[in-house]
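Student: Sequence and predicted structure are below.
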There are 2 protein chains.
Amino acid sequence: MTIDTLLIIGGGLIGSSIARAAKEYGQAKTVYVADKSASACEAIERLGFADGVSENAPELYASQADMIILCVPPGRIGEVAEAIIPVMKDGAILSDVGSVKGDVIKQVTPFLKDSIHFVPGHPIAGTEYSGPEAGFASLFKDRWCVLTPDDADDGAVETVKLFWEGIGALVAIMEPKRHDIVLATTSHVPHLIAYTLVGTAVDMERVTNNEVVKFSAGGFRDFTRIAASDPVMWRDVFLANREATLEVVDRFIEDLSALKRAIRWDDGDALLEHFAKTRDIRRHIVDAGQDSAAPNFGRDD
Amino acid sequence: MTIDTLLIIGGGLIGSSIARAAKEYGQAKTVYVADKSASACEAIERLGFADGVSENAPELYASQADMIILCVPPGRIGEVAEAIIPVMKDGAILSDVGSVKGDVIKQVTPFLKDSIHFVPGHPIAGTEYSGPEAGFASLFKDRWCVLTPDDADDGAVETVKLFWEGIGALVAIMEPKRHDIVLATTSHVPHLIAYTLVGTAVDMERVTNNEVVKFSAGGFRDFTRIAASDPVMWRDVFLANREATLEVVDRFIEDLSALKRAIRWDDGDALLEHFAKTRDIRRHIVDAGQDSAAPNFGRDD
C-alpha cells in the first residue's frame, strides 16, 4: 500500500482510470474523486470505484489527502492548485497528469508552500474516449509515466514513482523542457496533424458525397481515431506547449514540402529512400512493447 | 463458382490474399500465381494456396486464364500488360488492384485488344505487412472494392463484381478520375503524411536519444503502422496520382497553417471549434462498419 488517502481531482478518462487502478491494485486505502461536473459525479457514484465523490474538492477532501493528483485539463491546473494548496495538510504530495510540464509548473509554482511536495507527472496513455465511463484500471499497464520533479523531496518522488509502478506503469524522470519537446514530437504534433487531416477530409466530403467515410479503410480511419480525442484537453495542450509544438510542426512542414517536391519532379529515388527509412522505427516500437505487432493492430480479426 | 481459371500476377499481400480467398470461398476452380521473384514463388509453393506457381506468367499461364488480376506495383502495370495481353485467350477478363485508376488505364490502354475485357479494380484493404506470407483470405471481408470500367462489356463487369462479392467485399462502380481524388483524400495523403511525420520524428530521435520510441504510445505509434507499408508500392502510387495528391496536400497545408496561426495567437476558440467538428466523422466510420469501436482499436486488451 503506497498511499493512505488519495484524492483525484477530475474524474475523466485518466482520473477515473487512476482511481480504479489504485483500488484494484491495492495502491491506496481510500480513494476520493472530485469533479466540478454534477453529471460526472453521478456517473462516478453509479460506477462505484471511489470511496467518496464530491463536486467540491477543497472543502470536503483536500485537507484529508496524503496525495492529490490533478487530472483536470491543462488550462485549469492553476485555478485548482490555488484553491486546494492552502488547505492541504503538511507533508502531503501534489501531483498531476498534464501533457505539458513546463506550463503546469509555471501555473502551480506561485501557489506552492514549503510544507507540501509538488511532483509533476504525465502518464503516456489514453484512448479516444473521454469521461468517467471511459476509464479502466489497466490503462497504464506497460505504459511510461514521466515525472519532472524540480527540487522536490526525494522521498516524495519515490512515493509517486512507487504508486505508478504499483498500478502497472514504467516510470521515467526527465527535465520539464525536455519532456515538452519529446512529447511535442510523439504526441502533440501527431494529434494536431490528425485533427488537421480529418478537418481537410470533412471539407472534401462536401465534394465527394460521403465517400470519405465509405473508403476510410485505406488509411484515413486511423487518423479519425486520434482526432476523436477530447477537444478541450487538446486545445489546452497546444496552447500550453506552443513553442515546442510550433517548432516540430515547422520541421514537419519542411519535410512534407521536400516530399511534395519529389512527387512534383517525379523523383522516385528520393521517395523510396525516405519511405524505406521509416519502416525500422515501427519494429523498434513493437520490440519495446509499446504496440501490437498484429496487422492493422488486430482490429479486423 | 465465378471463375474457371484465375491467374494472379504478383503474389504479395494483395495478390496472395485474393488467391487464398478465391480458393477458400470457392470463387475459382483453378488458381495460378505468377511472381517475378524466385523467393516469392518458393514461399507461395510452400504455403500451398495456389494450384500452380511460376516466375514466368505469359508463357506458362496467361493463355489458359479466364481472368487475370494484376497485383504488381502500379509502376509495373504497363510492362506486364504488354507482355500478357497478346497471349490472352478471346473473351478473357483483365483486371488489376492498383491504388490509382487513371494512370493504370493510361498504361494498359495502348496494349488492349477487342477480344479481351478490361475491368480496372481497386480493393480498399491492406495491412502494414507485405509479401506472400502476409496475405490472408478474409482481408477483403466488408471492405469496398471499387471498379472503374470505361466501356467494358457489362457481362465482364458483372463477373468481376460477383467475384469480389464472393470473396467478401462490397463493390462500388466509379469514374476513374473521381476514384483518384477520393482515394487521394482517404488513403494517399494520409500515407504521405504518416511517412513524413515518422521521418521528422526519426530526425528528432537524434536529438532525443531514443525517446521517440519510448514515448510513442501518446499518438505517434499509430503513424508508424501506416509508415511501415510497402515503400515501392507507395512510391508508385504518389507518382501515378501526382495531381490529386498534390491538390489534397495543399489543402491540408493550408488547414495546418490556420491551426498553427491559432496556436501562435492563443486563439483557443478557433482550435476548439475545429477539434469538435472532427469527432463526428469517427462515429460515422464505425457505424458504417469500416472500423472497430474498441478504445485504441482494442490493441491494448
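Tutor: Cool, the structure landed.
Student: Could you grab the helix/strand/coil label for A:Y32?
Tutor: For A:Y32, the secondary structure call by DSSP: H, G, I helix; E, B strand; the rest coil comes out as strand.
Student: which residues sit in contact with it?
Tutor: Neighbouring residues of A:Y32 by C-beta atoms under 8 Å, 6 or more residues apart in numbering or on different chains: A:5-8, A:50-54, A:60-61, A:64-65. Quick note: C-beta positions are derived from backbone N, CA and C, even for glycine.
Student: Lowest-confidence entry in these?
Tutor: The member of the contacts of A:Y32 with the lowest pLDDT is A:L60, at 89.
Student: Kindly state the pLDDT recorded for the nearest residue to A:N56 once chain neighbours are set aside?
Tutor: Closest residue to A:N56 apart from its sequence neighbours, by C-beta to C-beta, 6 or more residues apart in numbering or on different chains: A:A34 at 6.9 Å. The confidence metric pLDDT takes the value 97 at A:A34.
Student: and A:A34, how many residues sit next to it?
Tutor: Here the neighbour count serves as a burial measure; for A:A34 (other C-beta atoms under 10 Å in any protein chain shown) it reads 31.
Student: Same check on the one 10 residues further on?
Tutor: The burial metric for A:I44, expressed as a neighbour count using other C-beta under 10 Å, is 27.
Student: And it, how far from chain B?
Tutor: In this structure, A:I44 and chain B are separated by 19 Å, where distance is defined by C-beta to the nearest C-beta, to the nearest Å.
Student: do A:D151 as well
Tutor: To chain B, A:D151 is 23 Å away according to C-beta to the nearest C-beta.
Student: Can you find the helix or strand of chain A with the lowest average pLDDT?
Tutor: Using mean pLDDT, DSSP states H and E, helix A:57 stands out as the lowest-scoring helix or strand of chain A, at a mean of 84.
Student: Next one: the residue nearest to A:G102 when sequence neighbours are not counted relative to chain B, how far apart?
Tutor: Of all residues not flanking A:G102 in the chain, A:P176 sits nearest, at 4.7 Å (C-beta to C-beta, 6+ apart). Per C-beta to the nearest C-beta, A:P176 is found 14 Å from chain B.
Student: Now for A:P176: which residues touch it?
Tutor: The neighbours of A:P176, taking C-beta under 8 Å, 6+ apart as the test, are A:101-102, A:105, A:120, A:148, A:150.
Student: Out of those residues, which one has the lowest pLDDT?
Tutor: Across the set of the contacts of A:P176, A:D150 stands lowest in pLDDT, at 83.
Student: So the closest residue to that one other than its chain neighbours, which state does it fall into?
Tutor: When the adjacent residues along the chain are set aside, A:D150 lies closest to A:I105, with 6.8 Å between them (C-beta to C-beta, 6+ apart). Using three-state DSSP as the criterion, the local structure at A:I105 reads helix.
Student: what's the neighbour count on A:I105?
Tutor: Other residues near A:I105 come to 19 when the count uses other C-beta under 10 Å.
Student: Relative to chain B, how far out is A:L239?
Tutor: Distance from A:L239 to chain B, by C-beta to the nearest C-beta: 6 Å.
Student: what sits against A:E82?
Tutor: Listed by C-beta under 8 Å, 6+ apart, the contact partners of A:E82 are A:F111.
Student: Just the pLDDT for it.
Tutor: According to the model, A:E82 carries a pLDDT of 97.
Student: Show me the helices in chain A, by range?
Tutor: Secondary structure of chain A (DSSP state H): helices at A:13-24, A:38-47, A:57, A:77-84, A:102-108, A:154-166, A:176-183, A:189-208, A:211-214, A:220-226, A:231-240, A:242-264, A:268-277, A:279-287.
Student: still on that earlier bit, show me the beta-bridge partners of the residue nearest to A:N56.
Tutor: The residues listed as beta-bridge partners of A:A34 by DSSP bridges are A:I9, A:S54.
Student: didn't it look like it was pressed against A:E55?
Tutor: Yes - at 7.1 Å, A:A34 counts as touching A:E55 under the criterion of C-beta atoms under 8 Å.
Student: Quick check: which helices or strands does the least confident helix or strand of chain A pack against?
Tutor: In this structure, helix A:57 makes packing contacts with helix A:77-84, judged by 3 or more C-beta pairs under 8 Å, 6 or more residues apart in numbering or on different chains; DSSP states H and E.
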